[in-house]
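Undergrad: what follows is a protein structure lacking sequence information:
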């Protein structure tokens with residue numbers, strides 16, 4: 001009695017430990033999935049933001065290049081006419097208007113706002129907005145001070161400011177005007193209106209949670225949309241995030257907006273021709289909303305799986321308690337053989353249940369994953385339906401389409417639940433075969449189909465096929481565990497060695513009667529083996545994949561299992577370019593003296 005109670009206590013501890021291990025595995029898998037999904041979502045969003053920043057930067061470069069062409073053409077015409085001092089205000093005004101029209105036929109589409117000349121003393125000499133010029137003092141403007149101090153002919157990009165003439169926000173692109181001796185004569189500038197870039201924001205259809213910004217590479221502001229108070233007075237040259245952006249051509253980062261203090265995902269691109277930095281941001285919370293929905297769906301599935309395991313554990317412990325109580329009630333050391341056998345059968349059933357739980361945790365991920373995809377699809381479709389219902393655009397066709405998707409998702413979930421149940425039943429029998437060396441008679445048709453089913457994940461989603469051909473009515477009295485190991489290893493060997501990556505092909509398991517014996521063949525239509533390799537293929541430590549970690553023991557152990565455990569023979573026939581065939585010749589009934597090799601591996605290396 002005491003020994004029996006001890007056994008039940010151990011069984012309870014083992015079962016609880018197994019269920020807890022399964023729960024930990026599920027939680028670990030869920031955590032890994034959530035983390036990897038977050039990484040994937042972050043990468044996709046970062047790539048999208050970088051692409052949008054690149055497109056915006058190229059748009060800015062094209063706009064500035066057009067304005068630069070106008071500047072250079074105007075500078076050349078002014079020099080041909082003897083300098084701006086030799087031209088009247090009307091002539092300069094006409095020249096400006098002529099060159100501004102070069103940018104676009106439609107004046108509303110012209111990115112340039114105006115053109116002007118500031119003389120050597122810093123006074124406004126001429127502009128394109130009016131023939132009658134008020135000679136304002138512009139000597140305090142950055143572009144004037146830069147060109148006066150710098151004799152180079154390079155264009156200069158000034159930060160955002162408010163135009164005195166029109167009240168519009170613009171930034172300047174300017175050139176130094178010099179005489180033939182290089183003496184400073186003034187500045188020729190064209191102003192670019194930022195409303196031109198606001199129209200670009202609408203063209204690319206960015207979301208309300210996104211912003212686009214343009215800075216000089218020293219951190220001075222040029223443009224932002226939507227515009228915020230204080231942007232034109234900002235200076236980000238000393239900000240660590242901005243300094244990091246200048247270190248490489250393009251990239252992405254997470255930063256906190258200095259204007260609304262929200263966390264944003266940002267993609268940026270440094271201009272190649274002009275010293276600009278284009279930045280596109282997306283509110284982090286909004287950008288990761290899809291990942292949050294996936295996470296919620298995953299947690300719901302994990303919670304359901306944990307609840308199911310809890311119910312299974314409670315039922316198992318209750319059954320153990322019932323069996324333990326029955327033995328305690330008898331209270332007699334001396335019991336009939338029938339009673340002892342009944343208790344042993346009950347204990348074995350419970351042990352099998354514990355093993356089923358362990359096997360269930362190994363391969364149940366696929367149907368659960370498929371169910372998750374279906375549930376996620378339903379969640380996304382439901383959100384679309386609620387949105388259509390809210391804005392009144394829901395029609396009969398959309399509702400019918402949603403109902404069809406619901407039916408398809410329900411069918412997918414139902415099919416995967418059936419798949420999970422089939423896996424559980426198959427793995428119960430497979431676990432018994434692998435864990436013991438008990439002889440039993442198997443119907444080769446059903447047994448090989450079940451084995452192929454357990455091997456199918458190795459072929460799922462790839463170009464290789466696994467097929468089974470069995471002569472009807474074949475029965476084999478054998479040791480299923482070693483035989484399963486032999487065939488599994490041969491199939492894995494064909495999958496790994498017979499085909500190049502992404503090469504289409506077929507691996508077949510064939511069983512037929514050969515006289516008084518059973519012939520099992522595992523063959524493929526892959527690359528085959530040369531004769532010199534076939535001569536050594538069963539030798540220990542012989543391998544053609546030493547660089548990939550092969551030990552050369554796989555086929556040697558398979559041959560030993562066939563000959564010593566199953567009482568049969570194993571041979572190979574292969575032709576280069578036409579495939580390989582392994583032939584297992586077995587008796588109808590495995591000899592009693594045969595025994596499986598201890599420590600034989602379950603997979604080839």
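TA: Now that the structure is in, tell me what you want to look at. Just so we're clear, the structure is a prediction, and the values are computed from it rather than from any experiment.
Undergrad: heading C-terminal from the helix or strand bottoming out on mean pLDDT in the chain, find the next helix or strand.
TA: Lowest by mean pLDDT, DSSP states H and E among the helices and strands of the chain is helix 337-363, with a mean of 42. Proceeding N to C from helix 337-363, the next assigned helix or strand is helix 365-391, under DSSP states H and E.
Undergrad: which stretches of this protein form helices?
TA: For the chain, the helices defined by DSSP state H cover 2-80, 89-100, 142-149, 195-203, 240-246, 284-287, 289-330, 337-363, 365-391, 396-435, 444-455, 480-497, 531-534, 554-560.
Undergrad: quick one: pLDDT of residue 193?
TA: Model confidence at residue 193, given as pLDDT, is 81.
Undergrad: what's the local residue count around the nearest residue to it once chain neighbours are set aside?
TA: Of all residues not flanking residue 193 in the chain, residue 113 sits nearest, at 4.2 Å (CB to CB, 6 or more residues apart in numbering). Placement of C-beta: from N, CA and C, glycine included. Per other CB atoms under 10 Å, the neighbour tally for residue 113 reads 24.
Undergrad: report the contact partners of residue 113.
TA: 163, 166, 168, 170, 190-193 (CB atoms under 8 Å, 6 or more residues apart in numbering).
Undergrad: pLDDT of stretch 581-598, averaged?
TA: Here the average pLDDT along stretch 581-598 is 76.
Undergrad: try stretch 19-27
TA: The model assigns stretch 19-27 a mean pLDDT of 90.
Undergrad: so how far is it off the chain centroid?
TA: 25 Å (CA atoms, centre = their mean, to the nearest Å).
Undergrad: state the pLDDT value of residue 546.
TA: pLDDT, read off for residue 546, is 62.
Undergrad: where does pLDDT dip in the stretch 351-500 of the chain?
TA: Across the stretch 351-500 of the chain, residues meeting the criterion (pLDDT under 70) sit at 351-364, 420-437.
Undergrad: most distant residue from the middle of this protein?
TA: residue 86 (66.3 Å; CA atoms, centre = their mean).
Undergrad: any idea what residue 210 is bridged to?
TA: residue 282 (DSSP bridges).
Undergrad: so it touches residue 267, yeah?
TA: No: using CB atoms under 8 Å as the test, residue 210 is too far from residue 267 to be in contact (10.3 Å).
Undergrad: comparing these two, which shows the higher neighbour count?
TA: residue 267 (24 against 21).
Undergrad: who does that one bridge with?
TA: With DSSP bridges as the rule, residue 267 is bridged to residue 252, residue 280.
Undergrad: what sits against it?
TA: Applying CB under 8 Å, 6+ apart, the residues contacting residue 267 are 46, 48-53, 250-252, 279-281.
Undergrad: try 7 Å
TA: Shown in contact with residue 267 (CB atoms under 7 Å, 6 or more residues apart in numbering): 46, 49-50, 52-53, 252, 280.
Undergrad: likewise residue 187?
TA: Shown in contact with residue 187 (CB under 7 Å, 6+ apart): 118, 143-144, 147, 174, 176-177.
Undergrad: just give the closest residue to it, not the sequence neighbours.
TA: Nearest to residue 187 is residue 118, by CB to CB, 6+ apart, at 4.5 Å.
Undergrad: for residue 181, see how far away the one you found is.
TA: Taking CB to CB, to the nearest Å as the measure, residue 118 and residue 181 are separated by 20 Å.
Undergrad: now do residue 591
TA: 111 Å.
Undergrad: cool, and residue 442?
TA: Distance from residue 442 to residue 181, by CB to CB: 104 Å.
Undergrad: ok so, going back, mind checking which of residue 591 and residue 181 has more residues around it?
TA: Just comparing residue 591 and residue 181: by other CB under 10 Å the higher neighbour count belongs to residue 591, 10 against 5.
Undergrad: let me know the pLDDT of the closest residue to the more buried one other than its chain neighbours.
TA: Excluding the flanking residues, the one nearest residue 591 by CB to CB, 6+ apart is residue 567, at 4.3 Å. The confidence metric pLDDT takes the value 89 at residue 567.
Undergrad: test my guess that residue 567 contacts residue 588.
TA: No: using CB atoms under 7 Å, residue 567 is not in contact with residue 588, being 10.6 Å away.
Undergrad: so for these two, which sits in the more crowded spot?
TA: Using other CB under 10 Å, the more surrounded residue of residue 567 and residue 588 is residue 567, with 17 against 14.
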